[in-house]
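In: any chance you could fold what I've pasted below:
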Amino acid sequence: MGNSFDIPSVEQKRFLFVGGGTGGHLTPALGLAEGLQERGHKTFFLSSGRSVEEDYLCHAGECASLGVDESSLPRPLPLIPALFRARTHGKKFQPDVVIGLGGLCGCAALSARLGAPLVLLEGNRVVGRGVRLMQGFAKHTLTLFEDTAEHLKSGLWVGPLGRHSLQPVSAHEAREHFCLPQDSTILLLMGGSQGAAQLNDFVAENAATLAQRSVALLALCGPGKAEKLRKAAKEADLPAVVLDHCKEMGLAYSAADFVLCRGGASTVAELWLHRVPSMIVPYPWHKDRQQEHNAQALGKGTVITDSLGAESGQHLLNLLGSQERLASMRVALEDNAPPDGLPRALSLLENLAGISSAQPGTLSALAQGGKSTAFLAGAGGCGMRGLASFLLENDWEVWGADSKPFSDSDSLIKAGLRPLGVGQLTPQVSLAVRSVAVPETDPQFRAACEAGARGLVYSELLGEMTRLRPTLAVAGSHGKTTITAWIAYGLRLAGRDPGFLVGGGVPQLGGSASWGTSSEPLVAESCEYARTFHKLSPKWVALSNVDAEHPDTYPTGYPEVEEAFRIFLSKLPADGVVYASPEAPDLSDSTPAQWCLAEELPKDWKVGLAGRHNRLNAALVRTTLLAHGISEEHVCEAIASFRGADRRMEELGTLNGAPVVSDYAHHPVEVSATLEAASEMWPGRRLVVAFQPHQARRFDRFRVEFSKALDRADALVLLPLYRARDPEDLRPETGELLAPLQARRKRDIFVAEDASIAATWLQSHVQGEDILLCLGAGDIDSFARSLTLGYEREKNSGVRRTLRTETQGFSA
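Out: Numbers count the residues shown, from 1 in each chain. From the prediction side, this is the model:
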């Protein structure tokens, strides 16, 4: 669970919290108040004055009472004095922002009439009456649940709000704190909530059964309810710690294997943040079944029951006895849980208070004085995903659209990206960015620009980012993804925190992009496609090689490609450096920067990736890391331990006992290098290759080279060509490779009319001692995954076996 408490603000502001109610309202508000105080701001609470609220707010800083109970809300007369008190305290405190909570939002609205912007906070999934009535006066209504924001005009989803007291620790430390046994299943009982006496009674009645299941109990019973449960636990010999309440809930959740509780908003948010499985018994007397709706957001991470009868009670006991089921519930929570919304909420409140988050090296400057909001068209592409990660990491509010819908488990959705469907109205934003695959006429992109957004192409925005901090751009026709990821990995291994943007997922980096620390270099994969790398402004360049790639944008071949690289290098500053691979052409006369030729890798160095080309890549990585102050010891370790990126010789599972491997190779040079590396890794084993050419222009230009590159295949399936940005009148057939391939070497070659026919052929021909390689940049990766046995099992267990070979570049 992340936090931003260590980021002090340079200017103190004043934040007034007005309202009250249950913990579902006050707990997230306290999270905001703690965070604001840690950033150096002043907070003040105006509550209804109920004793339960005073207990909540005793450590919140300055407080005052409005002298009214929320039960008075339907009757306006008791509210009149409270409204005057709210206005009086507002004048005295002079807030920069007013935050309204629960049913007393009207008092907050009156305080805000003094000139400060009003923000409402809705903790429940079902919108409360006060928020519904007052949302028209609010600048924003912050919601903990995503779908709640969709029902509010001013709705803005931030996610659950963490607190210092909720920070997780190790289970061992937490159990030691409460003197709980380390080897038992820990049941956390939260029986102090509204109407939760039946939860306490159930545990007391079943104490003996729980003891037999090797369960230990941590019970929070509520005032005056602990003695009965202590007695029952003692008589049943059930290890138990029974408390009225607990202020260190982070420790309680960290100790627990399972939670039995009500479905209050703050409880659900805490279960989300700590990923703890639960059984929730919603408070049944809310007319809108509020707690039930809250609990449903946890998906398969919880069990919801109306009451603890015999059937549901037995279900609970069975769950506590099944570590496998508890583990699957934790996995479901990991897949479903949103990120901690506190950093985003704090930044938004500070922006409303007039504090600009723009600092050297941060992305707020991209908003050019506007709000940090963006719409990304084509957000699912490799490069665009990286930009989305950068923006979200810097507390931007980001919407995204893509031709392929985002799944709920997508890492960008978890990070806070708000997906838009095709044709869905684009919100008003300061920045609209499209990938090169999305036309300027795209309706959503155009609508955002017409509404005032600054419109950019991916490469233009990346170019602006490279001007915010020192940037190392990795360039070349082949190997860019490997080299970019390898350099970032080496910097991290040495304790540095670089930014990085890689054209594919990198398990050892935890993803494809991170902004890192602004004073460290940004290591960015650049791309020569359509000369987009001309938009960048790096200080350093790591150059792998130059080849005739992308015939759709370089129709005359290599001379045109080389000229594009020369122009790119000419833009470097005089104090810049080009780190050139041993296989790179000498373009030193094109740049004012220093030309640094990488030496061959020492022969005794071990390389984590197979193939001659990867020793060349490693040589470039070594030279670059040494130049950036990394010790030779750390560099040697990075070269030996790096395992590559997704879709680069990635083993997915098996077919008939043979490993099924997916690789991005889509150019003759890349295909040849991949097969050479596979032969090196599996000497003597038959290589069965399923090849899907990518783009008609590329296939038409390089068909002779492709046939030669595929000569290493011992058996071959040729899939239909994957078309992308191709002219309609150019329709070469993959089968045209058949004759030259057969002329040079007799072997099994099958030309498939479609993927299903190819799958049938492979299922009948692949044997256990074979290696099945699925090559291409189109949708052949999905084809490969559909073939495998055991892939889903490995994916669900978090296993990813990366084999060692080359990685290639990407286009945004």
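In: quick check: domain ranges of this protein?
Out: 14-162, 165-336, 359-462, 469-641, 650-802 (automatic domain parsing).
In: of all the ones you listed, which one is nearest Leu352?
Out: domain 14-162 (4.9 Å; CB to CB). (Glycine included, C-beta is placed from N, CA and C.)
In: can you measure across the closest one, start residue to end residue?
Out: 21 Å (CA to CA, to the nearest Å).
In: avg pLDDT for that domain?
Out: For domain 14-162, the mean pLDDT works out to 72.
In: and stretch 185-202, end to end?
Out: Stretch 185-202: ends 18 Å apart by CA to CA.
In: could you do stretch 418-429 as well?
Out: 13 Å.
In: what's the spacing between Asn241 and Arg744?
Out: Not quite, residue 241 is Val, not Asn. 76 Å (CB to CB, to the nearest Å).
In: the two: which has the busier surroundings?
Out: More crowded of Val241 and Arg744, by other CB atoms under 10 Å: Val241, with 20 against 11.
In: I'd guess the more buried one is in a strand, am I close?
Out: Yes - using DSSP: H, G, I helix; E, B strand; the rest coil, the assignment for Val241 is a strand.
In: all strands for the stretch 151-300 of the chain, in order.
Out: Assigned by DSSP state E, counting those that start in this stretch, the strands in the stretch 151-300 of the chain fall at 155-157, 185-190, 215-220, 240-243, 258-261, 278-280.
In: want to throw those into TSV with distance to Glu311?
Out: Converted to TSV, these look like this (distance: least, CB to CB, whole Å):
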stretch	distance to Glu311
strand 155-157	36
strand 185-190	19
strand 215-220	19
strand 240-243	25
strand 258-261	15
strand 278-280	12
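In: which one of these lies closest to Leu342?
Out: Of the strands of the stretch 151-300 of the chain, the one closest to Leu342 (CB to CB) turns out to be strand 155-157, at 13.3 Å.
In: and the closest one, what does it pack against?
Out: strand 140-143, helix 146-149 (3 or more CB pairs under 8 Å, 6 or more residues apart in numbering; DSSP states H and E).
In: same thing but at 10 Å, please
Out: strand 118-122, strand 140-143, helix 146-149, helix 342-352 (3 or more CB pairs under 10 Å, 6 or more residues apart in numbering; DSSP states H and E).
In: tell me the most buried of those?
Out: strand 118-122 (a mean of 28; mean count of other CB atoms under 10 Å).
In: who does that one pair up with?
Out: Strand pairing for strand 118-122, determined by DSSP bridges: strand 97-101 (parallel), strand 140-143 (parallel).
In: shouldn't Ala758 be within a helix?
Out: Yes - judged by three-state DSSP, Ala758 forms part of a helix.
In: isn't it up against Val689?
Out: No - proximity of Ala758 to Val689 does not meet the contact threshold set by CB atoms under 10 Å, at 11.5 Å.
In: how about the strands of the stretch 151-300 of the chain, which one is nearest Glu397?
Out: strand 155-157 (7.3 Å).
In: centre of the chain to that closest one, how far?
Out: Computed by CA atoms, centre = their mean, to the nearest Å, the chain-centroid distance of strand 155-157 equals 19 Å.
In: strands paired with it, and their directions?
Out: strand 140-143 (parallel).
In: who's the residue lying closest to Phe691 once chain neighbours are set aside bridged to?
Out: Counting by CB to CB, 6 or more residues apart in numbering, Phe691 lies nearest to Leu775, which is 5.0 Å off, once chain neighbours are set aside. Applying DSSP bridges to Leu775 gives these bridge partners: Asp663, Phe691.
In: let's have the chain start at 50 instead
Out: From this message on, residue numbering opens at 50, which makes the last subject Leu824.
In: burial count for Leu824?
Out: Neighbours around Leu824, by other CB under 10 Å: 27.
In: surely it and Ser711 touch.
Out: Yes - using CB under 10 Å, Leu824 makes contact with Ser711 at a distance of 8.3 Å.
In: what residues are shared contacts of these two?
Out: Residues touching both Leu824 and Ser711 (CB atoms under 10 Å, 6 or more residues apart in numbering) are Ala739, Asp830, Ala833.
In: now for the residue most central in space within the chain: which residues touch it?
Out: Nearest to the mean C-alpha position of the chain, counting by CA atoms, centre = their mean, stands Ser460 at 3.4 Å. Taking CB under 10 Å, 6+ apart, we find Ser460 in contact with Pro388, Arg434, Ala437, Ser438, Leu466, Gly554, Gly559, Gly560, Ser561.
In: likewise for Ala573?
Out: By CB under 10 Å, 6+ apart, the neighbours of Ala573 are 432, 435, 511, 514-515, 520-524, 529, 533, 537, 548-552, 562, 582, 585, 587.
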